[in-house]
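K.L.:
give me a 3D structure for the following:
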Amino acid sequence: MIPSPRIFARSAVTALFLLSLLVSAVAADISFARDKLRLLTGAGPRDLTVELAVDPAQREQGLMYRRQMAPDHGMLFDFGETRRVMMWMKNTYLPLDMLFVARDGTVRTIHENAVPLSEAIIDSGEPVAFVLELNAGTVRRLGVKPGDRLEGSRIPAAN
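P.N.:
Numbering: from 1, shown residues only. Now for the predicted structure:
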């Protein structure tokens, strides 16, 4: 006996619902430590609160499934090495600005207004040690430019 299209559709919806619950449960199991960063721009310093994505599971999860983030908050991805970085917005509902940052805290490249849910690759364009994700529009609001700096417990202050 072949199931009717209505039964098949109901089964597919149920399966998708159960899958979304599983994904949400897995996402909820990943926690992020918080830290403070100082962003030094031509307009002056700005203190930020960031969540730290330092292990592979945290970096994979990132800001996926989040629906909001407070102003002057973000997520700092620490790759533990300097390398070319590729990011994407899969399962990320928030439009984001991304700062690609060298080991010494220097902002090397910037990607503004990353498109939510996009699977397009966002390339650092050069080797970096960190990526700082902020709410879209933050780069413009704070006047962040390549050459500006970040300082924090993971990034040493300039000498």
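K.L.:
who are the packing partners of the host helix or strand of residue 133?
P.N.:
Per DSSP states H and E, residue 133 falls inside strand 122-135. On a contact count with 3 or more CB pairs under 8 Å, 6 or more residues apart in numbering; DSSP states H and E, strand 122-135 meets strand 44-53, strand 73-87, strand 96-101, strand 107-114. Heads up, the C-betas are built off the backbone N, CA and C, glycines and all.
K.L.:
just checking: what are the partner strands of it?
P.N.:
Strand 122-135 has the following strand partners under DSSP bridges: strand 73-87 (antiparallel), strand 96-101 (antiparallel).
K.L.:
list the buried residues of the longest one.
P.N.:
Applying a neighbour-count criterion of 16 or more other CB atoms under 10 Å, the buried positions in strand 73-87 are 73, 74, 75, 76, 77, 78, 79, 85, 87.
K.L.:
outline the domain layout of this protein.
P.N.:
Domain assignment for the chain by automatic domain parsing gives 1-30, 32-152.
K.L.:
quick one: end-to-end length of stretch 95-115, please.
P.N.:
6 Å (CA to CA, to the nearest Å).
K.L.:
before we move on, the earlier item: CSV please, covering the helices and strands packed on strand 122-135 and showing mean pLDDT.
P.N.:
Converted to CSV, those look like this (pLDDT from 0 to 100):
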stretch, mean pLDDT
strand 44-53, 97
strand 73-87, 97
strand 96-101, 98
strand 107-114, 98
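K.L.:
can you tell me which of those is nearest to residue 32?
P.N.:
The closest of the helices and strands packed on strand 122-135 to residue 32 is strand 44-53. By CB to CB, the value is 3.7 Å.
K.L.:
put the alpha carbons of the helix or strand following the closest one into CSV.
P.N.:
Sequence-wise, the next helix or strand downstream of strand 44-53 (DSSP H and E) is helix 56-61. What follows is helix 56-61, C-alpha atoms only, in CSV (Å, rounded to 0.1, in the frame of the first residue of the first chain):
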residue,chain,number,x,y,z
PRO,A,56,36.2,23.1,17.4
ALA,A,57,32.6,22.6,18.6
GLN,A,58,32.3,26.2,19.7
ARG,A,59,33.7,27.5,16.5
GLU,A,60,31.4,25.3,14.5
GLN,A,61,28.3,26.5,16.4
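K.L.:
done for today, thanks.
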